[in-house]
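S.K.: output the structure for:
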Amino acid sequence: MLSQLRTLFATVILAGSLPFASASLAGDSSIILQSTTSTANSGLYDHILPIFTEKTGIQVNVVAVGTGQAIKNAKNGDGDVLLVHAKPAEEKFVAEGYGVKRFDVMYNDFIIVGPPSDPAKVGGMKDAPAAFKLIADAKAPFASRGDNSGTHKKELRLWKAANVDQAADSGTWYRETGSGMGATLNAAVGMDAYAMTDRGTWISFKNRGDHEILVEGDDNLFNQYGIILVNPDKHPKTKAKEGQAFIDWVLSREGQDAIADYKLGGQQLFFPNAETAQLTN
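M.R.: A predicted model of the protein is given here:
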């Protein structure tokens, strides 16, 4: 089953497929990276993976889904490395024996965007839970991913901090798309609704209409990404050697610099923050 899924991922769901640096490595030197839509849709992998492949000959096939689904896939052994952004869920993944060890990789932040009319009057605020409370009080349209992604998990924590039971109003002012970040932003723009997104996706998003950033700068909006090798003791078919090589490179000075170098319109999308002790030359 795993081999069939690997073939399916490589041919259908694959978000990025990169050339081998050495023909002699073709065949086995590839891994499946279970990751988020935000990292893939931002174009980050198109920037960093060719550098890694040229250096190592290892091809990285990216499966871009919400964090919850990525973790589920990795638990099933349908991948070699996990790179997502929901730290409590990542730590649970490791504690339950599905992952070897979790490392910080990079961060950016979440923002709340909305129409210029700003019916809830949240523009310029730096308190995300307070902004969510105003949106709920105004019953202003809000588009949620509703997909158990890292972004959705963060959003739910903010509603809880705001003491708002937004689920009770699902289908009225609170709309759950069940889709990725790009599709949810498209829905928000179409409905003149508020939405929460990671900054990287917003920078790369092309269909903004008149929507703009209204709330940013709250520490509650910090967005950390982590990387984990799927445990070969749990799933013996895990390509541990190649997967660890990718992790080591991402945490290396070269990998961290490659992440920092990725910019759109002069704006940096992700900020590397692997611990000094993790870095290698």
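S.K.: and the longest strand seen in the chain, which strands flank it?
M.R.: Longest strand in the chain by number of residues (criterion: DSSP state E): strand 99-114. Looking at strand 99-114 with DSSP bridges, its partner strands are strand 194-198 (antiparallel), strand 212-215 (antiparallel), strand 222-230 (antiparallel), strand 271-272 (antiparallel).
S.K.: packed most tightly, which of those would that be?
M.R.: strand 194-198 (a mean of 27; mean count of other C-beta atoms under 10 Å). The way it works is simple: take the backbone N, C-alpha and C, and place the C-beta from them, glycine included.
S.K.: buried ones in stretch 120-137, by neighbour count?
M.R.: Of all the residues in stretch 120-137, those buried under the rule 16 or more other C-beta atoms under 10 Å are 120, 122, 125, 127-136.
S.K.: and which of those residues is nearest to residue 107?
M.R.: For the buried residues of stretch 120-137, the residue nearest residue 107 by C-beta to C-beta is residue 128; the value is 16.1 Å.
S.K.: so who does that closest one touch?
M.R.: When contacts are counted by C-beta atoms under 8 Å, 6 or more residues apart in numbering, residue 128 touches 110, 112, 158, 161, 215, 218, 220-221.
S.K.: try it again with 7 Å
M.R.: Each residue near residue 128 by C-beta atoms under 7 Å, 6 or more residues apart in numbering is listed here: 112, 158, 215, 218, 220-221.
S.K.: coming back round to it: reformat the buried residues of stretch 120-137 as TSV; add distance to residue 67, pLDDT and secondary structure.
M.R.: Formatted as TSV, those follow (distance: C-beta to C-beta, whole Å; pLDDT from 0 to 100; DSSP: H, G, I helix; E, B strand; the rest coil):
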residue	distance to residue 67	pLDDT	secondary structure
120	27	98	coil
122	26	98	coil
125	26	98	coil
127	25	98	coil
128	19	98	helix
129	21	98	helix
130	26	98	helix
131	23	98	helix
132	20	98	helix
133	25	98	helix
134	27	98	helix
135	23	98	helix
136	24	98	helix
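S.K.: residues near the closest residue to residue 30 other than its chain neighbours, how many?
M.R.: In space, residue 30 comes closest to residue 59 once its chain neighbours are excluded; the distance is 4.0 Å by C-beta to C-beta, 6 or more residues apart in numbering. Using other C-beta atoms under 10 Å as the criterion, residue 59 is surrounded by 21 other residues.
S.K.: thought residue 59 was touching residue 45?
M.R.: No. Using C-beta atoms under 7 Å as the test, residue 59 is too far from residue 45 to be in contact (12.0 Å).
S.K.: roughly how far apart are residue 267 and residue 144?
M.R.: With the distance defined as C-beta to C-beta, to the nearest Å, residue 267 ends up 25 Å from residue 144.
S.K.: more neighbours: these two, which one.
M.R.: Between residue 267 and residue 144, residue 144 has the larger neighbour count (other C-beta under 10 Å), namely 26 against 11.
S.K.: per-residue confidence at the more buried one?
M.R.: Reading off the confidence values, residue 144 has pLDDT 97.
S.K.: and it, what does it touch?
M.R.: Residue 144 sits next to 152, 155, 174-177 when contact means C-beta under 7 Å, 6+ apart.
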